[in-house]
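**Q** got a sequence here, can you model it:
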Amino acid sequence: MDTDLLHEKFCRMGARVKVHQAPVQRVAIDIKHDRRGEFFDVSVRDGVMVNAIDVRPKQRHLLLAVHDEDALGLPKAGGQRFLCGHDERAWFVAAVPEGRPASNVDMAMDALKPRIARAAEAQTALRFEKRHRRRNQAWVRQGEWFFVPVDGLRFADSQIRRNEPLARSGGKPHMAEFCVRAGGERVFLHSRSRAVISWATYQRLLKNRPAEAKLYTEQRQNMQVLVRGRISHADHKTIVLNDWHQVAMNTESESRAMQFVTFID
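**A** Predicted structure coming up:
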């Protein structure tokens, strides 16, 4: 692995990187701070190659490819992709789903779009040059969250939550001024293990092992989330949605490579 070349490519997008070998599972990518500011910290297991296969200095983005080495020191097939870059106020790293091939930055950005956002692009016939902006006629993006407009919705005041957090596991929440959560599947969550079971499984447990059933509480899974008003986050410019928008997170959670990303915004 040519670490000098890797440093050069991060420098081209305006960032610093520190690369070192460590007994990690394969690779660990984090964003850390020192006296000079933020930098990308890449820990690599022996026998693993990390290469920046596309750099876009104007966008301040690059695409990392991570592969195991073969006996000749060449990259094996497969591997993972990580989109690294700067989004408004801070650096980020996002794991690209393996099922959506990405050989450059634009392909990686498309691969990270949720299905509802891609469907909205098709429906609005979104022009190619607008598909990576933070706001267009198909959707609005803030960090990892996409907001897709939905026409004609009305809700009673009793249905609307105020200052509702939108958060992935471990991350700093984005705050929605107005939010409605609707629909979803009825499930039960274990208070200790956090295991989730279906309503039918819970009913059998309640009948056969009632003491164990008491450890579960009812929740809703895969609910539709709709927001309106001001959407704020410390690392992003506040956006204002005048109408109701459906919320969808990017596809990073679909990637097995997500386990190698330490950074959570």
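
**Q** show me where pLDDT drops low in the stretch 51-200 of the chain?
**A** Applying pLDDT under 70 to the stretch 51-200 of the chain picks out residues 71-75, 169-170.

**Q** any chance you could map the helices in it?
**A** Under the criterion DSSP state H, counting those that start in this stretch, the stretch 51-200 of the chain contains helices at 105-111, 115-124, 199-208.

**Q** outline the domain layout of this protein.
**A** 3-112+254-260, 185-221 (automatic domain parsing).

**Q** before we move on, back to that, ranking the helices of the stretch 51-200 of the chain by burial, who's on top?
**A** Ranked by mean neighbour count, the helices of the stretch 51-200 of the chain are led by helix 105-111 with a mean of 20 (mean count of other CB atoms under 10 Å). Backbone N, C-alpha and C define where each C-beta goes, glycine included.

**Q** and the strands in the stretch 101-250 of the chain?
**A** 140-142, 145-149, 161-166, 174-182, 185-190, 196-198, 216-221, 224-233, 236-249 (DSSP state E, counting those that start in this stretch).

**Q** turn the ones you listed into CSV, including distance to residue 15 and mean neighbour count.
**A** Converted to CSV, the strands of the stretch 101-250 of the chain look like this (distance: least, CB to CB, whole Å; neighbours: other CB atoms under 10 Å):
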stretch, distance to residue 15, mean neighbour count
strand 140-142, 21, 21
strand 145-149, 23, 22
strand 161-166, 27, 14
strand 174-182, 24, 19
strand 185-190, 39, 15
strand 196-198, 38, 14
strand 216-221, 38, 13
strand 224-233, 21, 20
strand 236-249, 18, 16
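
**Q** so which of the ones you listed comes closest to residue 16?
**A** Counting by CB to CB, residue 16 lies closest to strand 236-249 out of the strands of the stretch 101-250 of the chain; the figure is 22.1 Å.

**Q** ok now that closest one, how far from the chain's centre?
**A** Computed by CA atoms, centre = their mean, to the nearest Å, the chain-centroid distance of strand 236-249 equals 16 Å.

**Q** name the helices or strands packed onto that strand?
**A** Applying 3 or more CB pairs under 8 Å, 6 or more residues apart in numbering; DSSP states H and E, one finds that strand 236-249 contacts helix 115-124, strand 140-142, strand 145-149, strand 174-182, strand 224-233.

**Q** okay, now the sheet partners of it, with direction.
**A** Paired neighbours of strand 236-249 in the sheet (DSSP bridges): strand 145-149 (antiparallel), strand 224-233 (antiparallel).

**Q** closest to residue 17 out of the ones you listed?
**A** Residue 17 lies closest, by CB to CB, to one member of the strands paired with strand 236-249: strand 224-233, at 25.0 Å.

**Q** got a list of contacts for the closest one?
**A** Here strand 224-233 makes contact (CB atoms under 8 Å, 6 or more residues apart in numbering) with 142-143, 145, 147, 150, 153, 164, 166, 172-184, 238-247, 265.

**Q** cool, and stretch 58-67?
**A** Outside stretch 58-67, the residues that touch it by CB under 8 Å, 6+ apart are 9-10, 12-15, 26-27, 29, 48-56, 75-76, 78-86, 96, 102-105, 108-109, 132, 257, 260.

**Q** now that stretch - C-alpha only, PDB.
**A** Provided in PDB are the C-alpha atoms of stretch 58-67 (Å, rounded to 0.1, in the frame of the first residue of the first chain):
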ATOM      1  CA  LYS A  58     -14.000  20.800  -6.000                       C
ATOM      2  CA  GLN A  59     -16.500  18.600  -4.200                       C
ATOM      3  CA  ARG A  60     -14.000  17.800  -1.400                       C
ATOM      4  CA  HIS A  61     -14.900  14.100  -1.700                       C
ATOM      5  CA  LEU A  62     -12.900  11.000  -2.500                       C
ATOM      6  CA  LEU A  63     -13.700   7.300  -2.700                       C
ATOM      7  CA  LEU A  64     -11.700   4.700  -0.700                       C
ATOM      8  CA  ALA A  65     -11.400   1.100  -1.800                       C
ATOM      9  CA  VAL A  66     -10.400  -1.500   0.800                       C
ATOM     10  CA  HIS A  67      -9.200  -5.000  -0.400                       C
END
